[in-house]
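**Student:** With the input below, show me the fold.
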Amino acid sequence: LVVSKVNALMDMGIKPIYKLTTASGKTIRTTGNHPYLAQTKSDLPTRKPKLGIFYDNSNMFYAQKKAGWKIDFKKMREELSGSFDIKFINLYAAIPDEGDPARAGTLNYLDSVKNNVSLKTKPLKYIEVPVEINGQTKMELKKKGDLDVEITLDVVRNVADLDVVMVISGDSDYLPLRDY
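**Tutor:** Residues are numbered from 1 along each chain as shown. Presented below is the predicted three-dimensional model:
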């Protein structure tokens, strides 16, 4: 706000007074013929920022199960579309082998979301690791669905074409990617 001294007045008769409220909330009382300067070029973006979403299902699966919720990708797309031009939602998942009891559930889940995401899959890894139980060491089969490298490479491959990158994961290994 700039305060200026009035140098002269011109009698224009009686005119209607209009009340204007600016975008910042300031109120101005003025006549209709008073000249105002208006900004013709806006600093606001003329388009929605381009968004790419990278969803780490291998890490989010157990977090969702523990919390008792699931992400609705259709609703997420609808909600974010108000502010972003969503270029893609990539869902990264590891597929259990034939004979693994988790295979059917995994395939059913992926089938239920495939219309709202692009699926990026690879086979689940099965790794034998030593585990101590009651003083005895036994070999136990651990399942690993690590897709960290695939997600990171896809972010790096796409970052130049996006304004915003969203990585949805419970894995802190992605924190260095934030600074890339």
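
**Student:** so residue 47 sits right up against residue 83, yeah?
**Tutor:** No: using C-beta atoms under 8 Å, residue 47 makes no contact with residue 83, being 11.6 Å away. Placement of C-beta: from N, CA and C, glycine included.

**Student:** quick one, which of these two is more surrounded?
**Tutor:** residue 83 (11 against 7; other C-beta atoms under 10 Å).

**Student:** Which secondary structure state is assigned to the closest residue in space to the more buried one that isn't next to it in sequence?
**Tutor:** Residue nearest to residue 83 in three dimensions, not counting chain neighbours: residue 48, with 6.5 Å by C-beta to C-beta, 6 or more residues apart in numbering. Three-state call for residue 48 (DSSP: H, G, I helix; E, B strand; the rest coil): coil.

**Student:** Now do residue 48: how many residues are near it, please.
**Tutor:** 15.

**Student:** for residue 95, same thing?
**Tutor:** 17.

**Student:** and what of residue 23?
**Tutor:** Neighbours of residue 23 (other C-beta under 10 Å): 5.

**Student:** and the helix or strand that residue 63 is a member of, what does it pack onto?
**Tutor:** Following DSSP states H and E, one finds residue 63 within helix 57-67. The contact analysis (3 or more C-beta pairs under 8 Å, 6 or more residues apart in numbering; DSSP states H and E) places helix 57-67 against strand 85-95.

**Student:** From the contact count, pick out the helices and strands touching the strand it packs on.
**Tutor:** strand 50-56, helix 57-67, helix 73-81, helix 102-113, strand 118-123, helix 148-158.

**Student:** circling back: correct me if wrong: the residue nearest to residue 83 contacts residue 87.
**Tutor:** No: using C-beta under 8 Å, residue 48 makes no contact with residue 87, being 10.7 Å away.

**Student:** In three-state terms, label residue 71 for me.
**Tutor:** Put simply, residue 71 is coil when judged by three-state DSSP.

**Student:** Hmm, it is touching residue 64, no?
**Tutor:** Yes: using C-beta under 8 Å, residue 71 is in contact with residue 64, at 7.1 Å.

**Student:** tell me which element the residue most central in space within the chain is part of?
**Tutor:** Residue closest to the mean C-alpha point of the chain, counted by C-alpha atoms, centre = their mean, is residue 166 at 4.1 Å. According to DSSP H and E, residue 166 maps onto strand 164-168.

**Student:** What average pLDDT does that strand get?
**Tutor:** Model confidence over strand 164-168, given as mean pLDDT, is 95.

**Student:** how far out from the middle of the chain is it?
**Tutor:** Computed by C-alpha atoms, centre = their mean, to the nearest Å, the chain-centroid distance of strand 164-168 equals 5 Å.

**Student:** Equivalent analysis for stretch 34-54, please.
**Tutor:** Centroid separation for stretch 34-54 versus its chain: 21 Å, with C-alpha atoms, centre = their mean.
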